[in-house]
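Visitor: curious how this folds, go ahead:
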Amino acid sequence: MKIMQIIFMISLTIISTTTTTSPSPTTITPLSTMPTSRFLIEKQPNPRAADHCKKDDEICYVLEGKNSTCCNNKCMDLSEDKHNCGACKKKCKFTHSCCDSECVNLAYDKRHCGSCGNKCMPGGYCIYGLCNYA
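Guide: Numbering: from 1, shown residues only. The predicted structure follows:
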């Protein structure tokens, strides 16, 4: 049985060496036919790249929508962006969120209880993001 395996392996190596051809060392392939990197082939733009609005709010209005403004050479929505809330580079605290261009604490704000725009009933209160808790 071992002899059969050895003969089989030898025959496979002989077949594989005779079927594969390697280019001769004197052959020069032109650059246009050489394979290129897969990174050079991809032509899709980077989704995180800046829009390059260059302080022109009209470009942002056309690209993003009516609430978009040019901040730090990128189009940003100042009504929802936690790092640009209401104005460029105005960051909300860690526990706050940006709702309607102002930083609010969703756990205790009556106008934005638990999520932006979720108002509690008149006379009610917001605790832990729930209206009239307990």
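Visitor: let me see the contact set for residue 128.
Guide: residue 107 (CB atoms under 8 Å, 6 or more residues apart in numbering). C-betas here are computed from N, CA, C, even on glycine.
Visitor: identify the residues contacting the longest helix seen in the chain?
Guide: Scanning the chain for the helix with the most residues, using DSSP state H, yields helix 2-19. With CB under 8 Å, 6+ apart as the contact definition, helix 2-19 has no outside contacts at all.
Visitor: for it, C-alpha coordinates in PDB please.
Guide: The C-alpha coordinates for helix 2-19 follow below in PDB (Å, rounded to 0.1, in the frame of the first residue of the first chain):
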ATOM      1  CA  LYS A   2       2.800   2.400   0.800                       C
ATOM      2  CA  ILE A   3       4.500   1.700  -2.500                       C
ATOM      3  CA  MET A   4       1.300   2.700  -4.300                       C
ATOM      4  CA  GLN A   5       1.100   6.000  -2.400                       C
ATOM      5  CA  ILE A   6       4.700   6.800  -3.300                       C
ATOM      6  CA  ILE A   7       4.200   6.000  -7.000                       C
ATOM      7  CA  PHE A   8       1.000   8.100  -7.000                       C
ATOM      8  CA  MET A   9       2.800  11.100  -5.400                       C
ATOM      9  CA  ILE A  10       5.700  10.800  -7.800                       C
ATOM     10  CA  SER A  11       3.400  10.700 -10.800                       C
ATOM     11  CA  LEU A  12       1.500  13.800  -9.500                       C
ATOM     12  CA  THR A  13       4.700  15.800  -9.200                       C
ATOM     13  CA  ILE A  14       5.900  14.800 -12.700                       C
ATOM     14  CA  ILE A  15       2.500  15.800 -14.200                       C
ATOM     15  CA  SER A  16       2.500  19.100 -12.300                       C
ATOM     16  CA  THR A  17       6.000  20.100 -13.300                       C
ATOM     17  CA  THR A  18       5.500  19.300 -16.900                       C
ATOM     18  CA  THR A  19       2.200  21.200 -17.200                       C
END
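Visitor: just checking, which helix or strand of the chain averages the lowest pLDDT?
Guide: Lowest by mean pLDDT, DSSP states H and E among the helices and strands of the chain is helix 38-41, with a mean of 61.
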